[in-house]
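Student: Need coordinates for the below:
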Amino acid sequence: MATPNSSEVTARQLIENKDAIENELKELEQVLKGQGVGMIEPLVDNSGFPRDDIDLVTVRTAPLRNDHKDIMKQIEEALHAMHAENQAKKAAAKNKSVETGLNRPKPFAIVNAVAPDSPAKEAGLFKGDKITRFGSIHVGNHQKLQALNTLVTDHEGKNISVTIERGEVDSEEVLVLQLTPRRGWGGRGLLGCHIIPL
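Tutor: Numbering: from 1, shown residues only. Predicted coordinates for the structure are as follows:
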């Protein structure tokens, strides 16, 4: 579990404070109702004197509505700061992954075509996806895709994890898809896609 950042801790504390104020507001609203007034009724009679049917000290010692507005504004600011910190962390992680991209497995094949309603389409494969791993098959053992053909035949009706790279070089994302080879999907082959070696 990731450790919370300072903005997240601040936001949580503010939310706890907000909850406490809201609970206090509910309690005071009950006190007011018990006194026969609500949040908007006047506290003075028609002559301008304090009403004698309510306990004005109890009613007047609760300026919590402004406190609630203030804390809601603080929560909003803390959430914006937390979001900005998270965006900065994501950008730093992306830069780090680009720097360490040399350590990623190299693609050995590319998806050249995907048939509609095929197992490949259902798994989420798209034309242009670069395959770095297909089950246990990788750049060092694909044997010009012969090993891939054997694996697919042996795994008919069973899930195969397929790791792909998608997108442009600067913004490539790595995805792991679950592909289930099967017959009877309405087209040729068990996958419904055309894969060529790189």
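Student: any idea where the helices of the protein begin and end?
Tutor: 6-35, 56-60, 64-99, 119-123, 146-154 (DSSP state H).
Student: Go through those and pick out the most buried.
Tutor: Greatest average neighbour count among the helices of the chain goes to helix 119-123 (a mean of 20), per mean count of other Cβ atoms under 10 Å. For the C-beta atoms, the positions are set from N, CA and C on the backbone; glycine is no exception.
Student: any idea of the mean pLDDT in it?
Tutor: Helix 119-123 carries an average pLDDT of 92.
Student: Show me what it is packed up against.
Tutor: Contacts defined by 3 or more Cβ pairs under 8 Å, 6 or more residues apart in numbering; DSSP states H and E place helix 119-123 against strand 109-114, strand 173-179.
Student: go with 10 Å
Tutor: Helices and strands touching helix 119-123, as assessed by 3 or more Cβ pairs under 10 Å, 6 or more residues apart in numbering; DSSP states H and E, comprise strand 109-114, strand 160-166, strand 173-179, strand 193-197.
Student: For that helix, give me every contacting residue.
Tutor: 111, 113-115, 125-126, 129, 152, 159-160, 162, 164, 177-183, 185, 187, 189-195 (Cβ atoms under 10 Å, 6 or more residues apart in numbering).
Student: Need the buried ones from these selected in ChimeraX.
Tutor: Per 16 or more other Cβ atoms under 10 Å, the buried members of the contacts of helix 119-123 correspond to this ChimeraX selection:
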select :111,114,115,125,129,152,160,162,164,177,179,180,181,182,185,187,189,190,191,192,193,195
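Student: okay, which residue is most central for the protein?
Tutor: N86 (11.7 Å; Cα atoms, centre = their mean).
Student: Looks like that one contacts A11 (just checking).
Tutor: No: using Cβ atoms under 10 Å, N86 is not in contact with A11; the gap is 11.6 Å.
Student: Look up how far E168 lies from G124.
Tutor: 18 Å (Cβ to Cβ, to the nearest Å).
Student: Compare those two and say which is more crowded by neighbours.
Tutor: G124 (15 against 6; other Cβ atoms under 10 Å).
Student: list the contacts for that one?
Tutor: 114, 162, 164, 166, 175, 177-179.
Student: Next one: G189, what pLDDT does it get?
Tutor: Note for G189: predicted pLDDT of 88.
Student: Next, the contact list for it, please.
Tutor: By Cβ under 10 Å, 6+ apart, G189 lies in contact with 115, 118-120, 149, 152, 181, 183.
Student: how much space is there between L177 and L14?
Tutor: For L177, the distance to L14 - Cβ to Cβ - is 41 Å.
Student: hang on, the earlier thing: can you put the contacts of G189 in CSV and add distance to Q143?
Tutor: Below are the contacts of G189 laid out as CSV (distance: Cβ to Cβ, whole Å):
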residue, distance to Q143
A115, 25
S118, 24
P119, 23
A120, 21
N149, 9
V152, 14
P181, 18
R183, 24
